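Chemist: no sequence for this one, just the structure:
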């Protein structure tokens with residue numbers, strides 16, 4: 001690669017692109033860690049995109065109709081941080097660039113949502129950004145159909161490397177995008193033929209061009225260092241009615257001694273090699289110094305979108321007050337004022353009628369009253385619509401010929417679905433929820449974890465939540481899955497015992513602003529246990545006394561979901577023998593843990609023996625059984641310590657010893 005020829009052919013472009021490269025080298029050198037190669041290789045693509053195409057205004061980074069730029073190859077974070085600093089984002093100062101990867105800086109090793117304006121999503125686990133970008137593009141299509149091009153009309157751009165395309169989630173994402181013909185999604189493939197272990201051919205020989213074409217994408221192949229060709233490709237991509245993959249043939253660590261080698265992927269910190277690279281670039285300033293004319297040129301790029309943004313604001317101001325109010329509300333994440341009243345009315349009706357239904361059906365009943373008043377909700381399922389009960393009659397199906405549809409058939413793509421839902425939340429204006437079987441959280445875990453890390457309120461509807469699903473057997477019966485979700489920071493795991501608790505869980509999930517929710521729902525029917533109506537959302541306390549002891553309190557049975565009914569029947573057996581027993585329903589551990597100690601003490605006082613009941617692993621239960629004024633010698637657990645089996649649900653509960661009689665016996669053994 002003739003660096004001098006590149007510089008001489010396009011000197012204005014070269015100076016701007018070189019600013020990205022120089023800042024990257026300086027920041028990685030100062031941190032003595034990081035990934036230099038990708039920013040050095042993709043600087044030309046990024047420069048053309050930001051200068052000539054990306055719709056944004058650095059002075060108004062939250063402009064709702066901005067184009068979205070997602071760095072799926074998040075290890076190359078200095079590409080994004082350099083762009084934000086150079087174009088004039090206020091919070092991305094030179095001091096932040098100097099403190100790359102340091103404690104307290106906003107320039108983390110991989111881009112983290114909420115750390116800085118202009119970071120649209122947290123990336124780093126490869127492939128997530130691609131799947132997020134599909135959700136961003138779907139959200140744009142939905143909102144454009146609802147509010148019109150005058151308010152919503154923008155592109156989603158994503159940069160992905162070979163690692164992103166090797167991860168399995170990429171196949172889920174690109175086939176979903178191709179099926180939905182997301183024409184405003186444009187992916188740049190950093191085609192540099194290098195992975196950490198060496199040449200790409202060591203581990204892969206996929207023809208990515210044919211792969212994307214087979215998935216109904218337009219594909220354009222270019223030299224990723226030719227600014228004119230980059231510009232032409234983006235211009236062409238913007239005219240397609242399909243998503244477009246621009247295959248950018250690049251040199252990793254361009255101009256450095258490590259160019260085109262696996263060493264170029266990582267931290268290039270050798271001072272002499274760095275000096276030689278800068279000399280080859282024609283870069284003569286000191287560390288972290290950008291020539292004034294180059295910085296000014298970049299800041300002009302950052303200000304280029306201001307007139308368009310102001311024109312958009314004027315168009316928004318011209319719309320009706322009602323439309324403006326709704327537009328503002330859905331992007332702020334606020335629930336409509338009528339939500340609470342609807343939930344209360346449903347709770348009252350259910351308490352009076354006392355139906356016996358599976359909580360997956362309870363969830364559908366709640367959605368039937370929520371979806372009509374929340375136009376921002378978008379439902380979906382990973383090919384289990386009839387089992388997850390996630391589709392209500394009013395939604396309509398999102399498809400190429402119906403962008404106003406609010407139900408997505410995600411196909412058998414649990415991971416891609418959950419990551420796309422994260423993208424919808426991050427885009428704004430959409431409240432997505434999607435379903436699969438609880439056991440298949442295994443397939444979705446990375447996206448669920450990132451929702452928690454990013455503090456976004458995605459709702460994961462996980463049905464068939466125990467051995468209670470019956471005959472499908474141990475491959476489908478979750479055992480450890482509740483413990484895994486509960487172990488994830490900033491996650492609300494709801495396991496409601498009936499329709500009333502399910503309604504309360506949905507109200508909390510849909511009013512959350514920073515915490516994702518996992519709804520753990522049954523396949524089997526459960527009776528209504530909350531037959532005495534209360535306006536107050538009892539599930540908001542996480543745990544509460546469902547039935548107190550008659551006489552002296554000697555035992556407390558704690559249970560969740562389908563086992564609360566068993567706990568109540570065990571209480572009846574114990575009370576018949578004169579053993580005063582309290583039953584505590586625990587629909588959400590995390591919310592209970594957040595209560596003041598005085599509240600927790602009222603629910604779980606010292607003294608009585610404690611038995612936990614849950615058709616799942618014991619892990620996590622000792623916090624409530626032995627801690628919180630409990631004692632190990634006076635606590636027990638009735639649940640699962642093995643995988644399940646294939647049989648009818650009632651047989652499984654009996655064979656695995658999760659019965660009222662077993663719970664009562666456990667209590668008596670501790671007295």
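Modeler: Yep, it's here. These figures come from a predicted structure and were not determined experimentally. Numbers count the residues shown, from 1 in each chain.
Chemist: and residue 322, how many neighbours does it have?
Modeler: Here the number of neighbours of residue 322 (other Cβ atoms under 10 Å) works out to 8. For every residue, glycine as well, the C-beta is placed using N, CA and C.
Chemist: same deal with residue 472?
Modeler: For residue 472, the neighbour count with other Cβ under 10 Å is 14.
Chemist: pretty sure it is in a strand, no?
Modeler: No. Read with DSSP: H, G, I helix; E, B strand; the rest coil, residue 472 is coil and lies in no strand.
Chemist: next, the contact list for it, please.
Modeler: 464, 646 (Cβ atoms under 8 Å, 6 or more residues apart in numbering).
Chemist: quick check: phi and psi at it.
Modeler: The phi/psi pair for residue 472 (degrees, to the nearest 10) reads phi -60, psi -20.
Chemist: where does the stretch 551-671 of the chain have low pLDDT?
Modeler: Scanning the stretch 551-671 of the chain for pLDDT under 70 picks out nothing.
Chemist: which SS class is residue 497?
Modeler: What three-state DSSP gives for residue 497 is coil.
Chemist: which non-adjacent residue is nearest it?
Modeler: Nearest non-adjacent residue to residue 497, counting by Cβ to Cβ, 6 or more residues apart in numbering: residue 564, 3.6 Å away.
Chemist: stretch 584-600: end-to-end distance?
Modeler: End-to-end distance of stretch 584-600 (Cα to Cα, to the nearest Å): 11 Å.
Chemist: just the residues contacting that stretch, thanks.
Modeler: Stretch 584-600 has contacts (Cβ under 8 Å, 6+ apart) with 486, 491-497, 501, 504-505, 508, 529, 538-546, 556-561, 564, 603-604, 620, 623-624, 628.
Chemist: give me that answer again for 7 Å
Modeler: 486, 491-497, 501, 505, 539-546, 556, 558-560, 564, 603, 628 (Cβ atoms under 7 Å, 6 or more residues apart in numbering).
Chemist: what about those residues, which are in strands?
Modeler: Members of the contacts of stretch 584-600 lying in strands (criterion: DSSP state E): 492, 493, 494, 544, 545, 546, 556, 558, 559.
Chemist: which residues pair with the fifth one across the strands?
Modeler: Beta-bridge pairing of residue 545 under DSSP bridges involves residue 584.
Chemist: check contacts around it.
Modeler: 582, 584, 603.
Chemist: residue contacts, the residue nearest to residue 497?
Modeler: Taking Cβ under 7 Å, 6+ apart, one finds 497, 529, 546, 585 in contact with residue 564.
Chemist: for the protein, name the helix or strand with the lowest mean pLDDT.
Modeler: Ranking every helix and strand in the chain by mean pLDDT, DSSP states H and E puts helix 3-9 at the bottom, with a mean of 93.
Chemist: in that one, what's buried?
Modeler: Along helix 3-9, these residues count as buried under the neighbour rule (16 or more other Cβ atoms under 10 Å): 3, 6, 7.
Chemist: could the residues you listed go into CSV alongside distance to residue 26?
Modeler: As requested, those are arranged in CSV below (distance: Cβ to Cβ, whole Å):
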residue, distance to residue 26
3, 18
6, 21
7, 19
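Chemist: wait, which of the residues you listed is closest to residue 226?
Modeler: residue 6 (8.6 Å; Cβ to Cβ).
Chemist: about what we covered before: out of the ones in strands among the contacts of stretch 584-600, which comes closest to residue 84?
Modeler: Minimum distance to residue 84 across the ones in strands among the contacts of stretch 584-600 is 32.1 Å, recorded for residue 492 (Cβ to Cβ).
Chemist: what's across from the closest one in the sheet?
Modeler: Under DSSP bridges, the beta-bridge partners of residue 492 are residue 517.
Chemist: which residues touch residue 268?
Modeler: Applying Cβ under 7 Å, 6+ apart, the residues near residue 268 are 25, 28, 36, 253, 256, 258, 274.
Chemist: Serialize those to TSV and add fields for secondary structure and pLDDT.
Modeler: Conversion of the contacts of residue 268 to TSV gives the following (DSSP: H, G, I helix; E, B strand; the rest coil; pLDDT from 0 to 100):
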residue	secondary structure	pLDDT
25	helix	98
28	helix	98
36	coil	98
253	coil	98
256	coil	98
258	coil	98
274	helix	97
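Chemist: residues contacting residue 55?
Modeler: Residue 55 neighbours (Cβ under 7 Å, 6+ apart): 66, 67, 154, 305, 308.
Chemist: which residue sits closest to the fourth one in space, ignoring its chain neighbours?
Modeler: In other words, residue 305. residue 57 (4.2 Å).
Chemist: pLDDT at that neighbour, what is it?
Modeler: For residue 57, the pLDDT comes out at 98.
Chemist: that one contacts residue 309, correct?
Modeler: Yes. In this structure, residue 57 is within contact of residue 309 by Cβ atoms under 7 Å, at 4.4 Å.
Chemist: these two - which one has more neighbours?
Modeler: Ranked by neighbour count (other Cβ under 10 Å), residue 57 and residue 309 place residue 57 first, with 21 against 18.
Chemist: so how far is residue 87 from the more buried one?
Modeler: Distance of residue 57 to residue 87, given as Cβ to Cβ, to the nearest Å: 10 Å.
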